[in-house]
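> Provided below are the primary sequence and the corresponding predicted coordinates.
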Amino acid sequence: MGSTDSKLNFRKAVIQLTTKTQPVEATDDAFWDQFWADTTTTVQDVFALVPAAEIRAVREESPSNLATLCYKAVEKLVQGAESGCPTEREKQVVLNCTRILTRILPYIFEDQDWRGFFWSTVPGAGRAGTDEMDDDDDGARPLAESLLLAVADLLFCPDFTVHSHKRGPDSVENMQSIDSCEYIWEAGVGFAQSPPLNYIHDLNRTELLRLLLTCFSEAMYLPPSSDNNVLNPWVTFFCSTENRHALPLFTSLLNVVCAYDPVGYGIPYNHLLFSDYREQLVEQAVQILIVTLEHDGGVPHHPPSPSSMEELESTGPENLFVNYLSRIHREEDFDFVLKGLARLLTNPLAQTYLPNSTKKIQFHQELLVLFWKLCDFNKKFLFFVLKSSDVLDILVPILFYLNDARADQSRVGLMHIGVFILLLLSGERNFGVRLNKPYSIHVPMDIPVFTGTHADLLIVVFHKIITTGHQRLQPLFDCLLTIVVNVSPYLKSLSMVAANKLLHLLEAFSTNWFLFSAAQNHHLVFFLLEAFNNIIQYQFDGNCNLVYAIIRKRNVFHQLANLPCDPASIQKALQRKRKSPDVISRTSSQETVSMEGSHPAVPAEPGTLKTSLVAIPGIDKLTEKSQVSEDGTMVSVPKTDSPHTVYSDQSAIAGTSDTESNSGRDNEDVFYTEAEMERGCLSSTSSTSYWAPTPEWALSWKCKLPLQTIMRLLQVLVPQVEKICIDKGLTDESEILKFLQHGTLVGLLPVPHPILIRKYQANAGTAMWFRTYMWGVVYLRNVDPPIWYDTDVRLFEIQRM
């Protein structure tokens with residue numbers, strides 16, 4: 001009965017607040033205490049008992065009362081942080097204030113006139129009642145700073161959020177002198193002891209982190225802009241030297257995430273028997289990490305070269321979380337982080353004989369963003385990941401997610417982050433080398449069964465995405481094939497299945513109508529030819545399957561070499577396109593039986609919410625070229641008009657901005673943000689009004705098609721293969737493969753070209769993409785309570801599928 005009473009009293013207080021037209025004095029404790037003193041409401045109760053309409057009404061009609069409520073709630077948190085909440089009642093007051101602020105803050109942020117409120121100082125609010133704007137005077141702190149510092153203190157409050165180290169019953173720990181580095185929440189990076197699990201502490205931490213996340217979410221209420229200098233003031237202050245707990249809190253968050261094992265003690269169904277409070281904490285922790293690891297935009301972020309590593313360690317970025325992340329360097333710390341992330345990313349793939357018997361985590365998108373930030377801000381971590389085949393424990397789950405999400409338009413952001421990570425990894429030689437490891441674990445995926453390496457898995461999944469994914473993925477084709485080109489010089493032996501998939505892609509992309517239907521489509525053919533050339537020149541010996549597939553499909557290469565470029569042929573090809581608008585002929589790829597236990601990729605359920613994304617920059621802006629020299633080091637290649645960038649400035653005519661993609665095949669995906677495309681403001685024929693193919697344009701790239709190596713290979717090998725077939729009456733593939741396996745082209749091929757790698761490079765466009773994607777994930781994942789639901793978010797649009 002008690003809790004019903006307190007809910008009733010709380011609701012009465014809310015009604016009083018919304019109906020009072022006169023300002024209530026800040027000193028009227030009897031009135032304000034109703035909101036936090038006697039209540040035992042949960043955060044869900046607070047969301048139900050404080051409706052959005054009423055918060056907005058108070059904001060518009062009696063703003064001083066809303067201001068006083070916020071100020072009083074912060075004051076209570078500050079008092080709790082100072083006293084250390086020794087009594088249960090004080091703990092309850094802190095939790096109630098935390099919930100109320102979590103409920104109200106989004107409505108402060110959605111109104112431009114209120115946004116500065118928390119950054120103003122409250123007159124007469126100093127402890128001594130002074131208004132002096134003196135730096136030493138705590139009273140002059142803006143409300144936001146007082147709130148953030150109080151939350152940081154409370155996250156290391158003995159017997160509330162951490163275990164007490166008290167020696168005797170009477171000794172009280174002084175909150176001001178506490179060394180929070182001794183109270184780190186979990187063993188791992190920089191901390192050896194694992195404190196005993198305490199679910200009450202986990203719940204209290206989760207509530208405080210939820211409030212922190214809400215503070216940081218002001219970013220959601222600003223429209224996307226390519227100006228990277230706009231820093232989030234809440235994050236900037238919280239991750240500055242003003243926060244004395246920055247290091248232990250960063251360490252606590254990272255360790256809690258990476259040490260988490262959702263399977264528990266290996267007892268089937270144990271997640272159904274008791275609630276896992278640690279999981280809620282881990283979700284909030286990983287979300288706090290990804291939104292605080294925002295780089296200071298003032299300086300363009302260049303990954304440090306090994307020589308500049310030392311300088312970085314002495315100064316480092318202003319944002320302490322980014323600074324600490326970039327300075328992790330011990331092998332055992334890297335190992336702990338990588339194994340933790342791999343374990344969590346692999347969790348949703350785990351198949352057991354008992355359905356639903358193991359807990360499946362839902363925060364894999366946040367984990368991928370965290371992995372991305374680790375690789376981006378800490379190059380030593382990236383090199384560690386690629387040093388052993390542990391990188392494959394990250395690769396396989398990413399390929400699983402890509403394959404699984406390919407038909408679901410609500411998960412297009414997941415597709416992008418997965419591809420971006422693989423693009424980043426593929427810029428390093430070691431990644432290509434690691435892919436040669438045999439693939440034996442067989443995660444159930446609806447892809448053809450094959451026997452081969454991780455490289456085969458990657459190619460088969462990419463083929464599946466390109467041929468059976470939804471239209472929205474077309475801007476990613478360039479990225480997918482760039483990854484294939486980057487790893488191709490290191491692939492020792494492709495399986496027949498993977499070789500056929502690559503040739504099927506070439507066949508599809510080199511049809512006349514496809515080549516002539518958009519200004520950028522020929523790039524895909526260049527990428528595939530470059531990959532074939534790399535394999536033939538550098539890995540010919542083990543790749544008889546690919547060589548055989550090229551010989552079988554030799555007419556594709558001859559047709560490309562003889563591509564008709566006169567106006568009549570171009571028109572004829574385009575007319576054929578109107579009859580068959582499908583991008584890729586899906587039938588000509590021999591689909592085989594899918595893996596046992598796999599589920600087909602399915603579109604989103606009707607009614608699924610998704611958040612819009614800004615378009616990604618074209619591949620020429622996403623990457624920079626490096627040449628691999630004799631000794632294996634990489635040398636940057638200055639930008640020139642290479643065949644891939646020929647005419648890529650076509651899009652400039654139509655006024656694309658840096659943050660929009662100019663790599664899309666379909667101009668719908670080129671000049672508009674996703675949200676605008678969603679509204680269908682363009683018809684698919686609009687591309688013709690921007691651009692039409694001409695014979696000059698077609699010849700400008702046709703003469704640069706890198707066909708010499710393959711033509712020479714066909715010239716030498718086709719007569720030999722035909723002769724064997726006639727002489728021995730062979731129809732058996734295996735005999736021909738045996739011949740090709742022992743054949744050699746030494747001295748017969750053109751001089752090997754230098755290996756060209758396209759390495760990912762950060763830019764304003766991708767920075768904005770990451771911000772919108774990351775906050776979109778946070779928005780959609782926080783549904784209980786629905787912190788931002790139905791507020792006026794401006795960073796993205798919320799769409800229903």
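It's in. Numbering: from 1, shown residues only.

> For the stretch 651-800 of the chain, which segments are assigned as helices?
Here the stretch 651-800 of the chain has its helices, by DSSP state H, counting those that start in this stretch, at 674-678, 687-690, 695-702, 708-728, 733-742, 764-781.

> With respect to H470, which of those lies nearest?
helix 674-678 (12.6 Å; C-beta to C-beta). For glycine as for every other residue, the C-beta is placed from the backbone atoms N, C-alpha and C.

> does the nearest residue to N378 once chain neighbours are set aside sit in a helix or strand, and which one?
Among residues not flanking N378 along the chain, S326 sits closest, at 5.1 Å (C-beta to C-beta, 6 or more residues apart in numbering). If you go by DSSP states H and E, S326 is part of helix 320-327.

> now for that helix, which elements pack on it?
Using 3 or more C-beta pairs under 8 Å, 6 or more residues apart in numbering; DSSP states H and E as the contact test, the elements touching helix 320-327 are helix 246-259, helix 309-314, helix 364-377.

> Worst mean pLDDT among those helices?
Least confident of the helices and strands packed on helix 320-327, judged by mean pLDDT, is helix 309-314 with a mean of 42.

> Low-confidence ranges, the stretch 651-800 of the chain, go.
651-690, 730 (pLDDT under 70).

> any idea how far N323 lies from P233?
Separation of N323 from P233 (C-beta to C-beta, to the nearest Å) stands at 18 Å.

> Would you tell me which one of the helices of the stretch 651-800 of the chain is buried the most?
Greatest average neighbour count among the helices of the stretch 651-800 of the chain goes to helix 764-781 (a mean of 21), per mean count of other C-beta atoms under 10 Å.

> now that helix and helix 364-377, what's the angle there?
150 degrees (axes from the mean of the first three to the mean of the last three C-alpha atoms, to 10 degrees).

> Can I get helix 764-781 in CSV? Just the C-alpha atoms.
C-alpha atoms of helix 764-781 as CSV (Å, rounded to 0.1, in the frame of the first residue of the first chain):
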residue,chain,number,x,y,z
ALA,A,764,34.1,15.7,-41.6
GLY,A,765,31.5,13.6,-43.6
THR,A,766,32.2,10.4,-41.8
ALA,A,767,32.5,12.2,-38.4
MET,A,768,28.9,13.5,-38.9
TRP,A,769,27.7,10.1,-40.1
PHE,A,770,29.1,8.4,-36.9
ARG,A,771,27.5,11.0,-34.7
THR,A,772,24.0,10.6,-36.3
TYR,A,773,24.3,6.8,-36.3
MET,A,774,25.6,6.5,-32.7
TRP,A,775,22.9,8.8,-31.3
GLY,A,776,20.2,7.1,-33.4
VAL,A,777,21.2,3.7,-31.9
VAL,A,778,21.2,5.2,-28.3
TYR,A,779,17.7,6.8,-29.0
LEU,A,780,16.2,3.5,-30.2
ARG,A,781,17.8,1.3,-27.6
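
> buried residues in the helix holding S326?
Under the neighbour-count criterion of 16 or more other C-beta atoms under 10 Å, helix 320-327 has 320-326 buried.

> that older thread, can you put the helices of the stretch 651-800 of the chain in TSV and add distance to G542?
Formatted as TSV, the helices of the stretch 651-800 of the chain follow (distance: least, C-beta to C-beta, whole Å):
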stretch	distance to G542
helix 674-678	42
helix 687-690	42
helix 695-702	32
helix 708-728	15
helix 733-742	8
helix 764-781	36
